[in-house]
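**Student:** Have a look; sequence and predicted model below, questions after that.
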Amino acid sequence: MTHIITSICVRDRGCIDVCPVECMVPGQPINEWPWIYIDPDTCIDCGACVPECPFAAIFPEDEVPAAYTAKGGEYIVNVGLTGHFEGTNHHGGKIVLDNARQLEAGEVLDLTADIKPNYDFFKSGPGYSAKDQDQGM
Ligand code: SF4
Ligand code: SF4
């Protein structure tokens, strides 16, 4: 199995620092690959990344919620969205995302749709080569 980062990820990057097998890759280009992606062949399911995420965006694959109920105010980031998110990441760097949407309290989302892009990123997407384009956001 593997852990999965879902569309609640706003690229805070706290998770990347703790992964013992360095299998988390920031997606590039951001408009096509907006999240951090976990290499399913390398992830050892240690769970160390889960408590590091301030947005609770990471789940074991078999626990990704099919009915995530929004608290309200949090953002999702995904291909095709056009809303703006700005924040500060784990290292003090600026995050600016233009493919975000702020959720309303009580909205229900199926986050299992976010599982496939994680696999696709390494199978048919840029995979580890995205690290070459990484500029800290
Ligand atoms: S800590 Fe959470 S929000 Fe930040 S990059 Fe990791 S999964 Fe995304
Ligand atoms: S579960 Fe462990 S090995 Fe897998 S991505 Fe998270 S920190 Fe890395």
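**Tutor:** Cool, the structure landed. These figures come from a predicted structure and were not determined experimentally. Numbers count the residues shown, from 1 in each chain. Ligands and ions are numbered 1, 2, ... in the order given.
**Student:** correct me, but residue 106 touches residue 72?
**Tutor:** Yes - under the criterion of CB atoms under 8 Å, residue 106 makes contact with residue 72 at 7.1 Å. (C-beta placed from N, C-alpha, C; glycine too.)
**Student:** And the helices in the protein?
**Tutor:** All helices of the chain, identified by DSSP state H, fall at 14-18, 115-123.
**Student:** So which of those is nearest residue 85?
**Tutor:** helix 14-18 (16.3 Å; CB to CB).
**Student:** which of the residues in that closest one are buried?
**Tutor:** 15-16 (16 or more other CB atoms under 10 Å).
**Student:** mind saving the C-alpha coords of that helix as CSV?
**Tutor:** Output in CSV follows, covering the C-alpha atoms of helix 14-18 (Å, rounded to 0.1, in the frame of the first residue of the first chain):
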residue,chain,number,x,y,z
GLY,A,14,6.2,20.1,6.3
CYS,A,15,5.7,16.4,5.3
ILE,A,16,8.6,16.2,2.9
ASP,A,17,11.2,16.8,5.6
VAL,A,18,10.2,13.8,7.7
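**Student:** Tell me the helices and strands packed up against it.
**Tutor:** Contacts defined by 3 or more CB pairs under 8 Å, 6 or more residues apart in numbering; DSSP states H and E place helix 14-18 against strand 24-26.
**Student:** Just list the residues touching residue 118, thanks.
**Tutor:** By CB atoms under 8 Å, 6 or more residues apart in numbering, the contact list for residue 118 reads 2, 4-5, 35, 37-38, 40.
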